[in-house]
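A.B. asks: what follows is a predicted structure for the sequence shown.
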Amino acid sequence: MFLALATALLALAGCKSKNRGPLLPNVSGKAGEIVVVIDKDNWEGEIGNALRGILADDCPYLAQREPLFTLANVPPGSFNNMFKMHRNILILNINPQNQTTGMMYKRDQWARPQSVAQVNAHDQEGALAIIAEAREQLPEFFEAAERDRIIANSILYEELTLRDPVEKLTGGILHFPSGYKLRKQTDDFVWIADEKQYTNQTVLIYRYPLPEKDPFSLENIISRRNEVMQANVPGMFDGTYMTTSTAIEPSARSLKYRGIDFMETRGFWEVQGDFMGGPFVSHSFYSQDGKDIIVLEAFVYAPKYDKRQYLRQVESILYSFEWKNNEK
């Protein structure tokens, strides 16, 4: 009987492997870290400088300097099974015998959920050209990988009670992980936050009637933001409220994700009449009927800590948005 059961289990495992691919171990490594497989000379030379200029550049709109990613160099001869389990890997393959050249992107090569990028070049000059061409795509590849992991974790440990207030306001849902709680809800504003002793990760959701002109201009987005913050997000003391800092000009860019076109805005928030502040990012887009603008905003307050990962975590919640009638 034991032999029959073992045979059945093996058959089931084989069936799963055929349907889902090989059974891979879970990734290792810290969030926001990339293992760069390259020899020491190139790492300390032009190629390493080029990679650091792209992947370890300063995160935008943070009060302290923090790199986009933390890079860890591993020489090719030391790239063993332990390093192959890492969540993010960048491999420099420089060889005159390479049959193809360019940037390759792979998922789940040795572990899951893993992202691997590889530069195939004949020489150093060719590698530098490939890296320069991938200046925007390469960091976004790893950024999307980090974001997707966070969203998957949020769905796995989702606080389902928060779906209803978001759906009532927007017609869609956001996937909040456990720890987030509803702070405030009105007909056109929802405040959901994960508040701990020294950190605060918050998502604000609001909507307003479509402006007559330039609904997605930076001026209109910030003007409306300031109105909403003053009315809904008070500071610790009487007469204080959240607003947009003018110390550094906010920026906006047009993006598309999951079929939704939106304007991403980044900047600093501060409290009028107090000394609190931090980074924020928002997504502004049309409501399904086209009559209103919906805004999903994430901000962080963590005065004692680096903020890169806190912002990445809460920003990923914005990317989890989906219209209710499109939910799978």
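C.D. replies: Right, received. Where do you want to start?
A.B. asks: can you list the strands that the longest strand that the chain contains pairs with?
C.D. replies: Longest strand in the chain, counting residues (DSSP state E): strand 260-272. When pairs are called by DSSP bridges, strand 260-272 turns out to pair with strand 241-244 (antiparallel), strand 251-257 (antiparallel), strand 277-286 (antiparallel).
A.B. asks: check which helix or strand covers the closest residue to residue 113 other than its chain neighbours.
C.D. replies: Once flanking residues are discounted, residue 113 sits nearest to residue 149: 5.8 Å by C-beta to C-beta, 6 or more residues apart in numbering. The C-beta positions use only the backbone N, C-alpha and C, and glycine is treated the same way. Using DSSP states H and E, the element containing residue 149 is helix 137-156.
A.B. asks: about what we covered before: what about the strands paired with strand 260-272, which gets the closest to residue 159?
C.D. replies: Closest approach to residue 159 among those (C-beta to C-beta): strand 277-286, 20.3 Å.
A.B. asks: for the helix or strand just after the closest one, output the C-alpha coordinates as CSV.
C.D. replies: Counting by DSSP H and E, the next helix or strand C-terminal to strand 277-286 is strand 292-301. In CSV, the C-alpha atoms belonging to strand 292-301 read as follows (Å, rounded to 0.1, in the frame of the first residue of the first chain):
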residue,chain,number,x,y,z
ASP,A,292,-14.4,62.4,-12.2
ILE,A,293,-10.7,62.1,-11.5
ILE,A,294,-9.7,59.4,-9.1
VAL,A,295,-6.4,59.8,-7.1
LEU,A,296,-4.6,57.0,-5.3
GLU,A,297,-1.8,58.4,-3.1
ALA,A,298,0.8,56.8,-1.0
PHE,A,299,3.0,58.5,1.6
VAL,A,300,5.5,57.6,4.2
TYR,A,301,6.5,59.1,7.6
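A.B. asks: avg pLDDT for strand 292-301?
C.D. replies: What strand 292-301 shows for mean pLDDT is 97.
A.B. asks: packing partners of that strand?
C.D. replies: strand 200-209, helix 218-232, strand 277-286, helix 308-319 (3 or more C-beta pairs under 8 Å, 6 or more residues apart in numbering; DSSP states H and E).
A.B. asks: what segments of the stretch 1-150 of the chain are strands?
C.D. replies: Using DSSP state E, counting those that start in this stretch, the strands of the stretch 1-150 of the chain run over 33-37, 70-74, 88-94, 102-107, 115-121.
A.B. asks: domain parsing of this structure, as residue ranges.
C.D. replies: In the domain annotation for the chain, the residue ranges read 17-151, 158-326 (automatic domain parsing).
A.B. asks: now render the ones you listed as JSON lines, adding mean neighbour count.
C.D. replies: Formatted as JSON lines, these follow (neighbours: other C-beta atoms under 10 Å):
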{"stretch": "domain 17-151", "mean neighbour count": "16"}
{"stretch": "domain 158-326", "mean neighbour count": "17"}
